[in-house]
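Trainee: next input, structure requested:
(chains A and B)
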Amino acid sequence: MAELHVELVAADRKVWSGAATIVVARTASGDTGIMPGHTPVLSVLESGPVTIRTTDGGTVLAAVHGGFISFADNKLSILAEVAELADEIDIARAQRALENAQSELDAHAERRAEVRLVAARGLKAHA
Amino acid sequence: MGAQLRVYKRRIRSVTATKKITKAMEMISASRIVKAQRAVAASTPYADELTRAVTAVATRSNAKHPLTTENPQATKAAVLLITADRGLAGGYSTNAIKQAVALAAKLRDEGKDVVTYIVGRKGVSYYNFRNLQVAGSWTGFSDKPTYGDAKTVAGDLIEAFTAETGGVDEIHLVSTKFESMLTQTAVDARLLPLKLDEVELSDESKAKNEIFPLYDFEPSAEGVLDALLPRYVESRIYNALLQSAASEHAARRRAMKSATDNAGELIKSLTRLANSARQAEITQEISEIVGGANALADASRGSE
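Mentor: This next block holds a predicted model:
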C-alpha cells in the first residue's frame, strides 16, 4: 500500500514522525485530507485536531495550534507553534482551561481548549 | 595561637567556603549547557522546515510582503540586544553589550536613529545606569527561554516594524553565538526586513540551491507568506535566545571554573603562609625558653 512520510514538528521539539496512509488537518479553507501522491501543497493551518492514520492501522491524533503543512515528494511536514499528542493531553486540565476561557471570554483560548478536548476524546473513542 | 596565624586560618576558612560555592555553580552550569544544547537541537527541525517553506514561497511566487520590503530611505533602526539576567558569567553580557554599542554607533554614522530593545536584566541595568533610552525590555527567561517568550519579543518588534507612523525601518539582532564549549562570540545580524536570498539552513548550506516543487499555495501565496514570515521571525529570535542561553551557561561555567582554580591557589598560598607563621611562632618560643634558661643560669652562676 502506498504510504507517505509524516513529520509533526512543534517549535521546540519533534512530536511524531512515521509512515501514514492518510492525514487529515484543518486548513484555512476547511478540512484537508492528504494521501500519498498528493500534488505539492503548502497551506496554513487553523487550530484544530490532526488525524494521522498510520500504515499499521493505528490512529495518531494531535491538537495543533497555528502553523502550516507542506507536502512534497511524498513527505508531509506539519509545523505547528504548539502541538500535543492526544495521549499527552490531560482532559481534566483542558476542561478547566475551557471553563476559564469561557468565563474570561477569551475566544482564542476557548478554541485551543476545545481542540485539545476534541483530540483527547477522539482518541478515547478509537481505543 | 598567635594573632597572625589566626588571621590566616580565618581567611583560609572563608576562601574554602567561596570555593565550594563557585564549584557548585560550575557544576550546575555544566549540566545546564547540555540541556541548553539539547534545546537548540530540538528546535532545528522546525527552523529548517520553516526556512525551506519560506524559501519555497519566495522563489515560486513574486509576492511582496511588508516584512521583506526594504525602505531605501531608512531613518530609524532598532537593535535587539540579548544579555543575561544574572551576573557571574565572565564577559558574556559585556561582550554582547559592546557589540550592540558598536553596532549602534555604526548605524548612527549611517544617519539612522537607533532605538534599543533589550532581553535580560544585565543589559537593562547597563542602559539605565547610563541614562540611555530603552524602547522595550523583557527579563526573567534568559537562562531558559521558551517559544512563548520568543513570540512575545517578536510580536512587539514586528508591531514596531509595521507601524504606520513612527515605526522602525530595520531591526538588527545582537546575540551570542554558541560555537563550542570554549568559544562564544557576540554577533549582530539584520533581522528585518528579511533578505530571502540569504536564508540559511542549520547546516550552513544555502536553501536556495534546492529545487522546489511547484507548490499549490492555500489560501494564496500572499496568504501563506503572511502566515509564514512572522513565524520565521519568531523562530529566528527563538534560535538566538536558545544560542545565547547556551553561551551564557558556557561563559558562567568557565568563569566559575577559573574562580574555583583561583580559590584553590589562594588556599595553597595561604596555607604556606600559615605554616611559616606557625614555624616562626615555635622558633620564637624556643628561643625565648633558651634565652630565659641562659639568663637564669647566668644569674645563678653570678650569685655563687
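Trainee: count the neighbours of the residue of the stretch 101-250 of chain B found nearest chain A for me.
Mentor: Nearest residue of the stretch 101-250 of chain B to chain A, counting by CB to the nearest CB: B:E218, 3.4 Å away. Where you see a C-beta, it was placed from the backbone N, CA and C, and this is true even at glycine. Here the number of neighbours of B:E218 (other CB atoms under 10 Å in any protein chain shown) works out to 19.
Trainee: now do B:I237
Mentor: Neighbourhood size, B:I237 [other CB under 10 Å]: 26.
Trainee: that one: what secondary structure?
Mentor: Following DSSP: H, G, I helix; E, B strand; the rest coil, B:I237 is assigned to helix.
Trainee: okay but it is in contact with B:V153, surely?
Mentor: Yes - counting by CB atoms under 8 Å, B:V153 is a contact partner of B:I237 at 5.5 Å.
Trainee: going along the chain, name the strands of chain A.
Mentor: A:4-10, A:13-27, A:30-34, A:41-44, A:48-54, A:59-72, A:75-85 (DSSP state E).
Trainee: Throw those strands into JSON lines and include mean neighbour count and distance to chain B, thanks.
Mentor: Output for the strands of chain A, formatted as JSON lines (neighbours: other CB atoms under 10 Å in any protein chain shown; distance: least, CB to the nearest CB, whole Å):
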{"stretch": "strand A:4-10", "mean neighbour count": "22", "distance to chain B": "5"}
{"stretch": "strand A:13-27", "mean neighbour count": "18", "distance to chain B": "5"}
{"stretch": "strand A:30-34", "mean neighbour count": "14", "distance to chain B": "8"}
{"stretch": "strand A:41-44", "mean neighbour count": "22", "distance to chain B": "3"}
{"stretch": "strand A:48-54", "mean neighbour count": "21", "distance to chain B": "15"}
{"stretch": "strand A:59-72", "mean neighbour count": "23", "distance to chain B": "4"}
{"stretch": "strand A:75-85", "mean neighbour count": "22", "distance to chain B": "5"}
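Trainee: format those as a markdown table; extra columns: mean pLDDT.
Mentor: Output for the strands of chain A, formatted as a markdown table (pLDDT from 0 to 100):
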| stretch | mean pLDDT |
| --- | --- |
| strand A:4-10 | 90 |
| strand A:13-27 | 89 |
| strand A:30-34 | 89 |
| strand A:41-44 | 88 |
| strand A:48-54 | 89 |
| strand A:59-72 | 87 |
| strand A:75-85 | 88 |
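Trainee: now the longest helix that chain A contains: how far from the chain's centre is it?
Mentor: Counting by DSSP state H, the longest helix found in chain A is helix A:107-126. Centroid separation for helix A:107-126 versus its chain: 10 Å, with CA atoms, centre = their mean, to the nearest Å.
Trainee: still on that earlier bit, now list whatever residues contact both of B:I237 and B:V153.
Mentor: Residues touching both B:I237 and B:V153 by CB atoms under 8 Å, 6 or more residues apart in numbering or on different chains: B:L80.
Trainee: residue numbers of the stretch 101-250 of chain B in contact with chain A?
Mentor: Residues of the stretch 101-250 of chain B lying near chain A by CB under 8 Å from any CB of the partner chain: B:146-147, B:151, B:212-219, B:223-224, B:227-228, B:231, B:234-235, B:238.
Trainee: show me where chain B has its helices.
Mentor: Counting by DSSP H, the helices of chain B are B:3-60, B:92-109, B:121-129, B:147-162, B:221-303.
Trainee: bridging residues for the residue most central in space within chain A?
Mentor: By CA atoms, centre = their mean, chain A has its centre lying nearest to A:V50, at 2.6 Å. Beta bridges link A:V50 to A:A62, judged by DSSP bridges.
Trainee: quick check: it touching A:A25?
Mentor: Yes - assessed by CB under 8 Å, A:V50 is found in contact with A:A25 at 4.7 Å.
Trainee: joint contacts of these two?
Mentor: Residues touching both A:V50 and A:A25 (CB under 8 Å, 6+ apart) are A:64, A:78.
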